[in-house]
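1. no letters, just coordinates:
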C-alpha cells in the first residue's frame with residue numbers, strides 16, 4: 001500500500017494523481033477540514049507521531065510514503081524520515097513550486113523563526129503583520145509578548161480561532177483571510193512597518209504577498225523553508241509524482257506514462273547547453289531537469305555525450321556548436337514515435353562585444369529551427385506560419401524556457417546575437433508518412449507536439465472504470481446536474497457556466513461519450529450536461545460516440561451539408577473542403593451564421609446521444625476555442 005500524508009493543495013493533487021490508478025491507498029490528514037473526494041483512497045484523520053506512524057506502516061504493509069504535507073511541518077517530515085530509514089521505505093516528497101524571486105529589494109532572509117525574531121528586533125520594528133499562519137503564533141511569541149504590536153492573519157474558521165486562543169494571542173490583533181482577497185488591502189489597513197512571510201511557494205501565495213508588500217514599500221522578513229531529508233525523492237507536480245510512483249511502485253498504474261516529443265527536445269537542448277559550459281569536463285549527468293508547461297520540473301534521461309562542443313568562426317564572429325539527443329519514451333502509449341532519437345543542435349555566439357551594455361538586453365534572443373525529420377507547414381489552419389517547421393507553440397516555448405533556464409544557471413550574459421536551437425528527428429520523414437501529417441499539410445517529417453509535456457496512457461477498460469467511479473461520486477453528492485466534458489479545458493469553461501455546482505459534479509469522458517452516457521442512465525441521473533468542443537462535435541453529430549482520432553476523422557461533406565442548411569454560400573463550403581482542423585470552422589462560418597450553425601450541430605449531437613439517456617434530461621453545450629458557449 002501507499003500512504004500519503006497531506007492536508008495541503010499538494011495532498012489534494014497527490015490524491016487525484018493516485019486515483020487514476022484505480023487501486024486503494026491511504027490519505028492521512030491531521031484535521032478534518034479538507035474535503036477530498038476519494039474513489040479508491042482510504043481517508044485517515046488525526047496526526048501521527050513517530051511511533052504511531054511506524055506502527056501503522058508495519059501493520060498495513062506500507063511500501064511507499066508520499067510526504068505532501070506543508071513545507072514547514074518539520075516534525076512530520078522528521079517522523080517520516082526516521083520511519084522510512086527504519087523500515088527502508090522510499091519517500092517521495094511532493095514539494096511546492098518555488099517561483100524565482102526577480103526582485104530582492106527590501107527582503108531580509110531569515111534561517112528560521114529565531115533568526116527572524118533576532119533580525120526584527122535588531123531593526124527595531126514596532127508594527128508587524130505576520131502572514132505566517134496560526135501555527136506560527138507561539139513561535140513568534142517573543143515579538144508579540146514584548147514591545148512589538150503584532151497582527152496575525154489566520155483562516156476564518158473556528159479551529160484556527162481556537163488555536164490562536166490556546167496560544168494566548170489577543171483576539172483584537174487577529175485578522176482573517178478570505179479566499180481571493182487582494183493582499184494589499186490588509187496591508188493598507190494596518191500600515192505595518194514590516195511583514196513576516198514564510199517561503200511557502202506558489203500554492204501558498206508567496207509571490208502575491210511578496211509583490212504586495214514591495215509595491216507598498218513595506219519591509220519584508222522571509223523565513224526560509226526548512227531543509228528536507230537528503231534521501232527524499234523530490235517532485236513538485238502531478239506528472240513527476242506519477243512517474244516516480246511508476247518507478248518505485250511498479251504495477252500500481254496499469255499503464256506507464258511517457259514523454260512528448262516536445263519534452264524530449266527541451267531536454268536535449270538543455271543537455272547541449274550544459275556541454276558547452278562544462279569546462280571541467282566532468283561526465284554528463286544521465287538525466288536533466290526540464291520545466292513542463294505547468295511549471296513543474298521532471299528529470300528526463302539523456303543519451304550519453306557523443307561529440308564535444310566545437311568552436312568555429314563565421315564572418316569573423318566566433319560561435320560554439322553543441323549537440324545532444326534523447327530517445328523518445330512514450331511509456332505504454334501506442335505512439336509511432338516511440339524509440340526515435342530527438343536531437344537538439346545549439347549554435348551559441350561566444351564573441352561578446354566588450355562595449356555591449358549587457359543590462360540593456362532583457363532576454364536571450366532564441367531562435368527555434370527545424371532540421372532533419374521535422375515537417376514543414378504548407379497549409380493554413382495549424383496555428384503556425386506557412387513554411388515554418390512543425391514545432392507547435394507549447395513545445396516551442398518549452399524549448400525556449402529550458403534553454404533560458406540553463407543559460408541563466410551557467411551565468412550566460414544577455415546579448416543581442418541570436419542563439420539558434422535546431423531540433424531534428426533522424427528517420428522522421430519516413431515515419432511521418434504513417435501519420436496524419438500529410439493530410440494536414442505537414443510535409444517532410446513529423447511534428448514536435450505536446451501540451452502537457454507528458455503522455456498519459458489509458459486503456460479503454462481502465463479509463464471507463466475511472467469514469468464510472470467519478471460518476472458514482474457525482475451521483476452521491478446529490479448534485480442536481482452532472483456535467484461531462486472531454487477534459488480540463490472544456491471543463492474550465494463549463495464550470496463558469498455552472499458556478500453553483502460542486503466540483504465532484506464535473507466528470508471527464510475523454511473520447512468515451514457513449515459509455516459515459518450509458519453509465520449516467522444506469523445511475524438514473526436526472527439531468528446531464530454534455531460539453532463538447534468543435535473537433536469532437538462534428539464527429540458526434542454524425543453518430544460517432546467514440547471520437548478518438550485513431551477511430552474516426554471528421555467528414556467534411558457532412559459538415560458542408562450542415563453549413564449549406566445553415567445558409568452558407570459556396571465560398572464557405574469551399575473553405576470547409578480545404579480546412580485541416582475542425583476548429584477552423586469558428587473563422588470559416590460567418591459570424592451572423594454561427595448561432596444557427598451551432599444550433600443545428602448540437603441538435604444532431606443530441607439526436608445521437610439522447611437515446612442513451614431515455615429517462616434523463618440531456619443538455620448539450622458547444623464550446624468555442626475562446627470559451628463562448630452555444631446551447
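-> Everything's here; your move. This structure is a prediction, so every number in the text was calculated from the model and none was measured.

2. number of nearby residues for residue 268?
-> 30 (other CB atoms under 10 Å). Quick note: C-beta positions are derived from backbone N, CA and C, even for glycine.

3. list the contacts for it?
-> Applying CB atoms under 8 Å, 6 or more residues apart in numbering to residue 268 gives the contacts 302, 324-326, 342-344, 423.

4. and residue 188, by the same measure?
-> residue 216.

5. right, and the helix or strand after the one helix or strand it maps to?
-> Here residue 188 sits within helix 183-190, counting by DSSP states H and E. Sequence order places strand 194-198 as the next helix or strand after helix 183-190, per DSSP H and E.

6. which intervals of the stretch 51-200 of the chain have sub-threshold pLDDT?
-> 147 (pLDDT under 70).

7. show me where it has its helices.
-> 74-87, 113-123, 141-144, 158-166, 183-190 (DSSP state H, counting those that start in this stretch).

8. nearest to residue 333, of these?
-> Checking those against residue 333 by CB to CB gives helix 74-87 as the closest, at 32.1 Å.

9. for that closest one, which helices and strands make contact with it?
-> helix 50-59, strand 64-67, strand 91-94 (3 or more CB pairs under 8 Å, 6 or more residues apart in numbering; DSSP states H and E).

10. got the angle for that helix vs helix 50-59?
-> 40 degrees (axes from the mean of the first three to the mean of the last three CA atoms, to 10 degrees).

11. buried set for helix 74-87?
-> For helix 74-87, a neighbour-count test (16 or more other CB atoms under 10 Å) marks 76-77, 79-81, 83-84 as buried.

12. how far off centre is it?
-> With CA atoms, centre = their mean, to the nearest Å as the basis, helix 74-87 stands 28 Å off its chain's centre.

13. contacting residues around it?
-> Everything outside helix 74-87 that qualifies as a contact, by CB under 8 Å, 6+ apart, is 5, 47-50, 53-54, 57-58, 62, 65, 67, 69, 89-91, 93, 226, 228-229, 231-232.

14. go on, stretch 313-322?
-> Contacts for stretch 313-322 (CB under 8 Å, 6+ apart): 272-273, 275-276, 309-312, 345-351, 417.

15. let me see the domain layout of this protein.
-> The chain is divided into the following domains under automatic domain parsing: 2-97+230-248, 107-223, 258-455, 460-630.

16. any weak-confidence spans in the protein?
-> Those would be 147, 279-280, 314-316, 351-362, 381, 436, 439, 458-462, 547-552, if you go by pLDDT under 70 across the chain.

17. name the single longest strand found in it.
-> In the chain, taking DSSP state E as the definition, the longest strand is strand 317-327.

18. right, and residue 573 touches residue 561 too?
-> No - using CB atoms under 8 Å, residue 573 is not in contact with residue 561, being 9.3 Å away.

19. who has more neighbours, these two?
-> residue 573 (18 against 15).

20. which ones among the contacts of stretch 313-322 map onto helices?
-> Judged by DSSP state H, helices contain the following of these: 272-273, 275-276.

21. now, among the residues you listed, which is nearest to residue 378?
-> Nearest to residue 378 among the ones in helices among the contacts of stretch 313-322, with distances taken as CB to CB, is residue 272, at 28.9 Å.

22. now do the contacts for the closest one.
-> 322-324, 344-346.

23. rerun that using 7 Å as the cut-off
-> 322-324, 344, 346 (CB atoms under 7 Å, 6 or more residues apart in numbering).

24. out of those, the closest to residue 465 would be?
-> Using CB to CB, the contacts of residue 272 come closest to residue 465 at residue 344, 39.2 Å.

25. how many neighbours does that closest one have?
-> So residue 344, with other CB under 10 Å, has 29 neighbours.

26. isn't it up against residue 266?
-> No - between residue 344 and residue 266 there is no contact under CB atoms under 7 Å: 8.3 Å.

27. intersection of neighbour lists for these two?
-> Counting by CB under 7 Å, 6+ apart, nothing touches both residue 344 and residue 266.

28. now do stretch 1-13: distance from first to last residue.
-> 18 Å (CA to CA, to the nearest Å).

29. just the buried positions in that stretch, please.
-> 2-13.

30. now swap in stretch 159-176 and tell me
-> Here stretch 159-176 shows 160-161, 163-164, 167, 169, 174 as buried, counting by 16+ other CB under 10 Å.

31. make CSV out of those and add distance to residue 468.
-> Shown next, in CSV, are the buried residues of stretch 159-176 (distance: CB to CB, whole Å):
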residue, distance to residue 468
160, 38
161, 42
163, 41
164, 44
167, 47
169, 49
174, 46
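
32. residue 430: which of the residues you listed is nearest?
-> residue 160 (62.8 Å).

33. from residue 604, how far out is that closest one?
-> Applying CB to CB, to the nearest Å, the value for residue 160 to residue 604 is 53 Å.

34. and the residue nearest in space to the middle of the chain, how far from residue 202?
-> Geometric centre of the chain, nearest residue: residue 294, 3.2 Å, by CA atoms, centre = their mean. Distance, residue 294 to residue 202, by CB to CB: 11 Å.

35. likewise for residue 557?
-> 48 Å.

36. neighbour count for the two, which is higher?
-> The neighbour comparison of residue 557 against residue 202 (other CB under 10 Å) goes to residue 202, with 15 against 11.

37. which residue packs closest to the more buried one, ignoring adjacent ones?
-> residue 97 (4.5 Å; CB to CB, 6 or more residues apart in numbering).
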